[in-house]
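1. what's the 3D shape of this:
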Amino acid sequence: MDVTYEEAFRAYYWGIVRYCLSEIPNDPYCAEDLASECFLLLYRKWDDLQSHAPMTVQVWLFRTARNKVLDCKKKCYRCQCFFSTG
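-> Predicted coordinates:
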């Protein structure tokens, strides 16, 4: 069974947002932006990923989200915007 991009979006979007939010709890807007970036990349790579197993899309999305979060944290580490204690 082939999965469409729209089905993948509906199935995984909020899970990706929740993951990003768990890593960046002080900025829900940033978490949603990162999730949107993941799905934009997915859209661009959709044809390449379709040749693999269906589970590949979910794994790819969460790996991409993890990398986006890490990049975001590296960029903001100096300003401490994600690491406030209060």
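
2. Over to Val3. Which of the three states is it?
-> Three-state call for Val3 (DSSP: H, G, I helix; E, B strand; the rest coil): coil.

3. right, and it touches Val57 too?
-> Yes - using Cβ atoms under 8 Å as the test, Val3 is close enough to Val57 to be in contact (6.6 Å). The way it works is simple: take the backbone N, C-alpha and C, and place the C-beta from them, glycine included.

4. out of those two, which sits in the more crowded spot?
-> Val57 (21 against 13; other Cβ atoms under 10 Å).

5. Now do the most centrally placed residue in the chain against Pro28, distance only.
-> Compute the mean C-alpha point of the chain, and by Cα atoms, centre = their mean the closest residue is Ala65, 3.0 Å away. Shown here: Ala65 relative to Pro28, a distance of 15 Å by Cβ to Cβ, to the nearest Å.

6. Next: Trp14.
-> Distance check for Trp14 against Pro28: by Cβ to Cβ, it reads 12 Å.

7. swap in Tyr19?
-> Taking Cβ to Cβ as the criterion, Tyr19 is separated from Pro28 by 13 Å.

8. who's more crowded, the two?
-> A count of neighbours by other Cβ under 10 Å puts Tyr19 above the other of Tyr19 and Pro28, at 20 against 12.

9. Surely that one and Thr64 touch.
-> No - with contact taken as Cβ under 8 Å, Tyr19 and Thr64 are classed as non-touching, separated by 10.6 Å.

10. Good, wrapping up.
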